[in-house]
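Undergrad: I would like the atomic coordinates for the input below:
(one chain, ligands or ions: 2)
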Amino acid sequence: MPKNYLSINDISKEELENLLDRSAQLKADLKNGADQSNLLKGKSVGMIFEKPSLRTRISFEVGIRQLGAFPIVLSAQEIMMGGRETRQDVSRVMSQYLDMVMIRTFGHDVVEEFATHSDIPVINGLTDLEHPCQTLADLLTIKEHYGSFEGLKIAYIGDGNNTVRSLMLACTKLGVHISVACPLKFEPGKEFESEFTHVCHGVGTAAEGADVIYTDVWSSMGQEKEAQERKQIFSGYQVNTNLLEEFAKETAIVLHCLPAHRGEEITAEALKDHETTILRQAENRLHTQKAVMLHLLGA
Ligand code: CP
Ligand code: NVA
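TA: Numbers count the residues shown, from 1 in each chain. Ligands and ions are numbered 1, 2, ... in the order given. This is a model prediction of the structure:
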């Protein structure tokens, strides 16, 4: 059975820590001009995108090339998985040509079914349930800033979505406290909660004394039809200067996985004030995903 990275739950605490260390090393080596193209030399990595992407698409493709491997990007329309042919057949055929595959799609069951039939590692590049690649970049960014996770409090303000679910699982693994403020009925789900997580409905409660304030869009990809209704429901769940000044630590950093909707989950001002960290968070997708690919292929 190949190793997969469909969920944060697919890796142990030790593997998570090793992935972060390796990401930092790969980043430093790259900045020092190291040639990393021998690490996955001659391998081929497929990517299936059934939803739009900027960061995931580019950071995976660039990362694959930097490691000496060959990327093949496939859109939903090209392969029509589940329509033109079954997921099982697509998975089994792709295993014949490729060494690894990354999938961005809607239902988490799609990546799970694909992985069941795959002879090669499968990476979750975002599903409606989880976004485990994003979490690694988030954690690396936090670690770079604070040096360690010791004693930190993370606050997430907004929808209990894929991004925060993966972050909660990772915080639980690492023993980091995370407080989530979301509207009633938009909670991440009990199965993502633990002694290290706190889910509430008040932004002040979540943000109080936080070292990291994190937010993501109110409507995720696939929820476009609900966007207007969600704007009403989420209107109090915004990261803005007032929230930061009133509740977070003065030294707090702000994270956003991007894309951002200014004036909704975050104000233009708050985004601007923290853009250096948020852009580093986006950059870190590259380094962390390279570490994931090397880990899955045992390289
Ligand atoms: N954060 C993130 O996954 O961005 P993309 O949707 O652009 O890939
Ligand atoms: N929660 C967002 C994340 C985008 C990177 C979405 O799923 O659209």
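
Undergrad: if I look at residue 149, how far off is residue 197?
TA: 14 Å (C-beta to C-beta, to the nearest Å). Quick note: C-beta positions are derived from backbone N, CA and C, even for glycine.

Undergrad: try residue 257
TA: Distance of residue 257 to residue 197, computed by C-beta to C-beta: 18 Å.

Undergrad: Neighbour count for those two, which is higher?
TA: It is residue 257, of residue 257 and residue 197, that has more neighbours when counted by other C-beta atoms under 10 Å, with 25 against 21.

Undergrad: Contact partners for that one?
TA: Residue 257 makes contact with 131, 134, 138, 163, 216, 281, according to C-beta atoms under 8 Å, 6 or more residues apart in numbering.

Undergrad: Make JSON lines out of these and add secondary structure.
TA: What follows is the contacts of residue 257, written out as JSON lines (DSSP: H, G, I helix; E, B strand; the rest coil):
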{"residue": "131", "secondary structure": "coil"}
{"residue": "134", "secondary structure": "helix"}
{"residue": "138", "secondary structure": "helix"}
{"residue": "163", "secondary structure": "helix"}
{"residue": "216", "secondary structure": "coil"}
{"residue": "281", "secondary structure": "helix"}
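
Undergrad: which among those gets closest to ligand 1?
TA: residue 134 (5.4 Å; C-beta to the nearest ligand atom).

Undergrad: Does the closest one touch residue 126 like I think?
TA: Yes. Applying C-beta atoms under 8 Å, one finds residue 134 in contact with residue 126, separated by 7.4 Å.

Undergrad: Confirm for me that residue 98 is in contact with residue 120.
TA: Yes. Residue 98 lies in contact with residue 120 (C-beta under 8 Å); the separation is 5.9 Å.

Undergrad: more neighbours, these two?
TA: Using other C-beta under 10 Å, the more surrounded residue of residue 98 and residue 120 is residue 120, with 23 against 20.

Undergrad: ok, for that one, nearest residue in space, not its chain neighbours?
TA: Residue nearest to residue 120 in three dimensions, not counting chain neighbours: residue 95, with 5.0 Å by C-beta to C-beta, 6 or more residues apart in numbering.

Undergrad: Which helix or which strand is home to that neighbour?
TA: helix 87-97 (DSSP states H and E).

Undergrad: Contact residues of this protein facing ligand 1?
TA: Residues of the chain lying near ligand 1 by C-beta under 6 Å from any ligand atom: 53-56, 126, 134, 257-258.

Undergrad: what's the closest of those to residue 16?
TA: Distance to residue 16, by C-beta to C-beta, is smallest for residue 134 among those, at 13.9 Å.

Undergrad: mind checking how far residue 180 is from ligand 1?
TA: According to C-beta to the nearest ligand atom, to the nearest Å, residue 180 stands 18 Å off from ligand 1.

Undergrad: hang on, isn't that residue packed against residue 154?
TA: No. With contact defined as C-beta under 8 Å, residue 180 does not reach residue 154; the gap is 9.0 Å.

Undergrad: Report the buried residues of the helix holding residue 95.
TA: Buried residues in helix 87-97, counting neighbours by 16 or more other C-beta atoms under 10 Å, are found at 87, 90-91, 94-95.

Undergrad: Residue 74 looks like it's in a helix, true?
TA: No. Assessed with three-state DSSP, residue 74 is strand; it does not lie in a helix.

Undergrad: hmm, who's touching the lowest-mean-pLDDT helix or strand in the chain?
TA: Within the chain, no helix or strand scores below helix 76-79, which has a mean of 94 by mean pLDDT, DSSP states H and E. Residues outside helix 76-79 that contact it (C-beta under 8 Å, 6+ apart): 48-50, 85, 90, 105.

Undergrad: ok, these vs ligand 1, which is closest?
TA: Distance to ligand 1, by C-beta to the nearest ligand atom, is smallest for residue 49 among the contacts of helix 76-79, at 8.9 Å.

Undergrad: Was I right to think the residue nearest to residue 120 contacts residue 119?
TA: Yes. The criterion here is C-beta under 8 Å, and residue 95 meets it with residue 119 at 4.0 Å.

Undergrad: And for the residue nearest to residue 253 when sequence neighbours are not counted, the neighbour number?
TA: Once flanking residues are discounted, residue 253 sits nearest to residue 277: 4.9 Å by C-beta to C-beta, 6+ apart. Neighbourhood size, residue 277 [other C-beta under 10 Å]: 17.
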